[in-house]
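In: I need the structure of the sequence given here:
(4 chains)
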2 protein chains.
Amino acid sequence: MTISDVAAELGLTKGTVSRALNDYPDIAEGTRLRTRRAAERLGYRPLGSAQAIRTGRCRAIGLVLETDEHDAHRPFLDLFLAGLSDGAAAQGWTLTVATAPVGAAIETYQMLIDERKADGFVLPRTRLNDPRVTMLRDKGAAFVLFGRHGDPDGCAWFDIDGAGAMRQAAHILAARGHARIAYVGGSPDYSYNGEREAGLRAGLADKGLDLAPELVLHGAKNRESGEAATAELLSLDVPPTAIVFALDRAALGAYRAAAQRGLVVGRDLAIIAYDGDPDGAYAEPPLASWSVDWGRAGTTLADMLIKRVNGAEVEDLRATMPATFLDRGSASVIPTPDPNTRGG
Amino acid sequence: MTISDVAAELGLTKGTVSRALNDYPDIAEGTRLRTRRAAERLGYRPLGSAQAIRTGRCRAIGLVLETDEHDAHRPFLDLFLAGLSDGAAAQGWTLTVATAPVGAAIETYQMLIDERKADGFVLPRTRLNDPRVTMLRDKGAAFVLFGRHGDPDGCAWFDIDGAGAMRQAAHILAARGHARIAYVGGSPDYSYNGEREAGLRAGLADKGLDLAPELVLHGAKNRESGEAATAELLSLDVPPTAIVFALDRAALGAYRAAAQRGLVVGRDLAIIAYDGDPDGAYAEPPLASWSVDWGRAGTTLADMLIKRVNGAEVEDLRATMPATFLDRGSASVIPTPDPNTRGG
DNA sequence: CCGCTTGCCGAAACCGGTTTCGGGCCGCAA
DNA sequence: TTGCGGCCCGAAACCGGTTTCGGCAAGCGG
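Out: Numbers count the residues shown, from 1 in each chain, chains lettered A, B, ... in the order given. Predicted coordinates for the structure are as follows:
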C-alpha cells in the first residue's frame, strides 16, 4: 500500500496526496479530509525510509549505551527505555539503540549519524567532561543530555534535581536530631556527584550545620566500596550518626559494615541514599532513598530531543525534575545523646 | 558525501560504484579495488534509508519490550541489549527498540513492519501460546523466539537449556544427600516453567527419586510469592530438605520464610535457583543459581535473525545454550537424618 | 469586459541509492 | 577478415516518498 495506490483510489496524484497528508496550505479542506479518510481506510502508512531520503529526517531517537562499566548496574533501564519509547511513539518516532565500549562510543555516534539511523541523541550518564558532548556539538548534531555537563554552552539538558533532594535529606536528618552527618559520594566524573554533595552542604548550612572534611568520602560505586567507606567512617574517633550516600548500591554495603561493629542501621546509624533501587526495599531495615521516575524522565527527554530536532533553541530546553523521598526504616529517628559528649 | 560524489571523483557512474561496492560479478577487479579505496578515503557511507527504499531491507533488528509486567525485573537487560547490538553491528545492522503494554504489542509490531523500521524481530519472553507468534507467522515476517513456543512450526528459536540445568541441579542435590526435593515454579504461561520442571523430574528420575505432588508449587514470580510458597512447603508434615526455584527472585523470598521457622538456608535447607541474578550474591548465604550468559544469547539471536532475513530455513535456526552453575552457599551439603524418620 | 489575484491541483524534478538493460570493446575461432 | 561471445561499464528506470513550479479556473475589482 503505497502513496500512489492511495492517489489512484482518489483520482489524485501522489504529490497532492502527500501534501494533503502533510497539511500543506494549498490543499482544499475537502480534499484533505477525503485523502485522510482514504489513507485511514486503506491502512496506508508512509514508508519511513522513503520520507527520510528526501526530508533528511528518519524520525528516530538515537541512544548509545556504554558497556564495560561493570558498576553500571541499571535496574531501571527498562523503565527508562519505556519512557523514551513512549515519548517517541507519541510523535510517530522510534528509538534506535546501540551499545559500545566506553572508548568506542564516539565511533558509534558517527556511524549512526552518517547512515542517518537517528536524527538526534539522548546522552545518558553525562560526565562533567564528556567527549561525546564536544564531538556532537562540533558536528552540529542534535542532542539532549541526561545530567549536566561542565560547559553547558550549546547543550540542551534534563536532570533530576539531586541537589534539591540532598538538601531536603539534610533538613530531614537535622530535624531528627542529627548533627554529625557524613557524605559518601560516587564517581566524581559524573555531574550528579557534585550536585548531590553541594545540595547536602546547602541543606546543612540551612540548619547551621556543616560537613566535616573527615566525613566526606568519594568513589563508592558498589556494595564493596560502600562497605569500606562506611567502615572508615565508623572507625573515626567521633563517628557520624547519619550517612548520606550518593548511590543506593553503596548504601547497601553499609549494612554489613555497621553490623560488624555491632551497630544496627535505623537505630544506631541513620542512612539516606539515592536512586530508589528496588533492592533497598528488601534490606533490613528498608533503605530510605530518593527515587527517580525513570519513565517520566525518558518521556521528557524524548520530547525535548524531538523539539530540538525541530529547531527549538537549546536555551529553551533545560529542565529538572524532583526526586521523591522514600522514607523507610534506615532513616528513622535515632535518639542520640549530645554529640559533644558522645564517643569522643 | 553521496555515492554520486564518489562516482564523480573516480570518473564513473553511480550505478557502477554501487555495483562495485556490492560485489557484483560484472565489475573488473581493479575497478572494485579503486572504488573501495576511494569510498574509504572519502568517508563514504551509504545512507541506510536510501538503500532500504529499493532493497526493502533497512538492516535493523526489531525488539519490542513488553511493559506492564511489574514482576518482570530485568537486571540483565543491558547485557542482552549489548549482545544484540554487537551481533547486529558486526553485520552492519542496527537495533530498533520499542516498548508496549502487553496487550498492545501486536499493534507495535504492525507499525514497525508497515513503516519498515525493522526487517525482523527478536521475541523475548516467549509464551507457550503467544499471540505475537501467530501474528508474525501469518504476516510472513521474520522472527526468532527467545524461548520456545507451543507450536514450533515455522518458528526459529533460541533457548537456554533450562531443562538440562535443572536436571543437573537434581543430580547435585541427590549427590549431597537430598531425597525430598521440592520445586517452586514461576509463571506457567512461559515455556521456561515447563522446561525447568520437566528437567528437574528427569534428573530426579535418573537418581531413582521423584517429585512428590505436594512438593510442587507454581506462580512464584517475586519475593513475596516465593516467601509464601516456601512457608507452605515448610509447614508440611514432612517438609523438603531442598527446594529448587525456577526464579532467583522467588528464591530470595525463601530466606525470610526459613528464618521465621528458625531454619538457616544452606544448613537446614538447601536452595538452588535460576537466573544468576546479582542480588543473589549478596544474600546470606549467597544464593546458588544457574546463570545465563545474556550477552552471548543476544549475539546469537541477532545472528540467527539476520540469517533468517537472508533466507535461511527456520529448521536450521534452532539452538540452545547451556546455563552455568554458580555453586554458592545456599546449596551446600546438608547433613540430613534419614528422611523417613524425620519430622513425620 | 478585461486583467489580476487567489485557490487548488497536476506534472515533474528530486532525494540517494539499487538494479536492469544495452552496447562498446576486445579476444578468439572460423 | 568476419562473426561471435565475454567482459565491463554507462544509461536509465526504479523505489516511495517530498517539494517546487506552473497553469487552469473561479472570484474580484475596475
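
In: how near is A:E195 to A:D138?
Out: 26 Å (CB to CB, to the nearest Å). Where you see a C-beta, it was placed from the backbone N, CA and C, and this is true even at glycine.

In: neighbour count winner among those two?
Out: A:E195 (22 against 9; other CB atoms under 10 Å in any protein chain shown).

In: what about the strands in the stretch 151-300 of chain A?
Out: Assigned by DSSP state E, counting those that start in this stretch, the stretch 151-300 of chain A shows strands spanning A:156-160, A:181-184, A:216-217, A:242-245, A:270-275, A:288-291.

In: redo those strands as a markdown table? Include mean pLDDT, mean neighbour count and distance to B:V122.
Out: Output for these, formatted as a markdown table (pLDDT from 0 to 100; neighbours: other CB atoms under 10 Å in any protein chain shown; distance: least, CB to CB, whole Å):
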| stretch | mean pLDDT | mean neighbour count | distance to B:V122 |
| --- | --- | --- | --- |
| strand A:156-160 | 97 | 22 | 30 |
| strand A:181-184 | 97 | 27 | 40 |
| strand A:216-217 | 96 | 18 | 43 |
| strand A:242-245 | 97 | 30 | 37 |
| strand A:270-275 | 96 | 28 | 29 |
| strand A:288-291 | 97 | 25 | 31 |
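
In: I'd like to know which of those is closest to chain B.
Out: Nearest to chain B among those is strand A:270-275; the distance by CB to the nearest CB comes to 14.1 Å.

In: dump the strands of the stretch 151-300 of chain A to TSV, plus distance to B:G219.
Out: Output for the strands of the stretch 151-300 of chain A, formatted as TSV (distance: least, CB to CB, whole Å):
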stretch	distance to B:G219
strand A:156-160	36
strand A:181-184	40
strand A:216-217	44
strand A:242-245	36
strand A:270-275	30
strand A:288-291	28
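
In: buried stuff in stretch A:5-12?
Out: A:V6, A:A7, A:E9, A:L10, A:L12 (16 or more other CB atoms under 10 Å in any protein chain shown).

In: rounded mean pLDDT for that stretch, please.
Out: What stretch A:5-12 shows for mean pLDDT is 95.

In: now check that stretch, is it near DNA strand D?
Out: No: with CB under 7 Å from any atom of the strand as the measure, stretch A:5-12 is seen stopping short of DNA strand D, the closest distance being 7.6 Å.

In: give me the neighbour count for the residue lying closest to A:R59 once chain neighbours are set aside.
Out: Using CB to CB, 6 or more residues apart in numbering or on different chains and skipping residues adjacent in sequence, the residue nearest A:R59 is A:W93, 4.5 Å away. By other CB under 10 Å, the residues close to A:W93 number 24.

In: surely A:W93 meets A:T299?
Out: No: contact between A:W93 and A:T299 fails when scored by CB atoms under 8 Å: they sit 11.9 Å apart.

In: using the three-state scheme, assign A:V64.
Out: strand (DSSP: H, G, I helix; E, B strand; the rest coil).

In: tell me how many other residues crowd it.
Out: Counted with other CB under 10 Å, A:V64 comes out at 23.

In: quick one: contacts for it?
Out: A:V97, A:A98, A:T99, A:A100, A:A105, A:T108, A:Y109, A:L112, A:F121, A:L123 (CB atoms under 8 Å, 6 or more residues apart in numbering or on different chains).

In: kindly report the same for A:D293.
Out: Contacts of A:D293 by CB under 8 Å, 6+ apart are A:M321, A:T324.

In: alright, I will stop here.
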